[in-house]
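> Please work out how this folds:
(2 chains)
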Amino acid sequence: AQSVTQLGSHVSVSEGALVLLRCNYSSSVPPYLFWYVQYPNQGLQLLLKYTSAATLVKGINGFEAEFKKSETSFHLTKPSAHMSDAAEYFCAVSGSNDYKLSFGAGTTVTVRA
Amino acid sequence: EAGVTQFPSHSVIEKGQTVTLRCDPISGHDNLYWYRRVMGKEIKFLLHFVKESKQDESGMPNNRFLAERTGGTYSTLKVQPAELEDSGVYFCASSSLAGYVTDTQYFGPGTRLTVL
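The predicted structure is shown next:
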């Protein structure tokens, strides 16, 4: 079985500051890991995914995440926050033979001017 | 290219009534998924179709929920009779013909269901 834990349900950052969203996973098999973002009144959009290739994964809108097996983590970062980054972010995991995604509880990001 | 669409966007019903949610996947996507987010909780998997066949329905909460995918195109999720705990946002997602586990799942905007 796979699961993820997102630390912090709300994160507030200043425009231009580092965005760091934490995700730890638990998996009995090699995991595939995903970060999704949901903007208001929209569906979930894939930011990036780890599929056992490079451990540092670059995604859209300047986001990246690093897979650290020793720490069972897949934290999401962006060097400089923009107002348009205000949204809810979800970390998700699936197993190597499992289509279904298991999501974390989500982290809402607000960006202060 | 049109994304995943869901109808209705909102539904408010009384306990004991029936509601049917519809999902239209991206054209050509054989894989279709239903997920649900109950207020304040995680998004949870409900079931997975490959074309018209149910590949995995391990997440369906009980037999009040019935999902169908006629002809392998759009899908419906019927809740009959609805209970208070069924309130939440129901998401549909689809992924490509390739059918690999790592294929991106594209999500619709969700249907917000409120049972009073």
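> CA only for contacts and neighbour counts going forward, please
Noted.
> Can you tell me the closest non-neighbouring residue to the residue in chain B that chain A sits nearest to?
Going by CA to the nearest CA, chain A is nearest to B:Pro109 of chain B, at 3.7 Å. Spatial nearest neighbour of B:Pro109, chain neighbours left out: A:Gly43 (3.7 Å); criterion: CA to CA, 6 or more residues apart in numbering or on different chains.
> Likewise for B:Arg22?
B:Thr76 (4.5 Å).
> List the buried residues of stretch B:55-71.
Neighbour-count burial for stretch B:55-71, with 16 or more other CA atoms under 10 Å in any protein chain shown as criterion, is recorded at B:Asp56, B:Met60, B:Phe65, B:Ala67, B:Glu68, B:Arg69.
> ok so, going back, list the contacts of the residue nearest to B:Pro109.
B:Phe91, B:Phe107, B:Gly108, B:Pro109, B:Gly110 (CA atoms under 8 Å, 6 or more residues apart in numbering or on different chains).
> Now do the same contact list for the residue nearest the centre of chain A.
The residue lying closest to the centre of chain A (CA atoms, centre = their mean) is A:Trp35, at 3.5 Å. The contact partners of A:Trp35, by CA under 8 Å, 6+ apart, come to A:Leu46, A:Leu47, A:Leu48, A:Lys49, A:Leu76, A:Tyr89, A:Phe90, A:Cys91, A:Ala92.
> that older thread, please give the element, helix or strand, for the residue nearest to B:Arg22.
strand B:75-79 (DSSP states H and E).
> pLDDT on that strand, on average?
Average pLDDT, strand B:75-79: 98.
> Show me what it is packed against.
strand B:19-24, strand B:65-68 (3 or more CA pairs under 8 Å, 6 or more residues apart in numbering or on different chains; DSSP states H and E).
> partner strands of the very next helix or strand once past the first one, parallel or antiparallel?
I take that to be strand B:19-24. Counting by DSSP H and E, the next helix or strand C-terminal to strand B:19-24 is strand B:31-37. Sheet partners assigned to strand B:31-37 using DSSP bridges are listed as strand B:43-50 (antiparallel), strand B:88-95 (antiparallel).
> Residue numbers of chain B in contact with chain A?
B:40-45, B:48, B:91, B:101-102, B:104-110 (CA under 8 Å from any CA of the partner chain).
> Buried only: go through those residues for me.
For these, buried by 16+ other CA under 10 Å: B:42-45, B:48, B:91, B:101-102, B:104-110.
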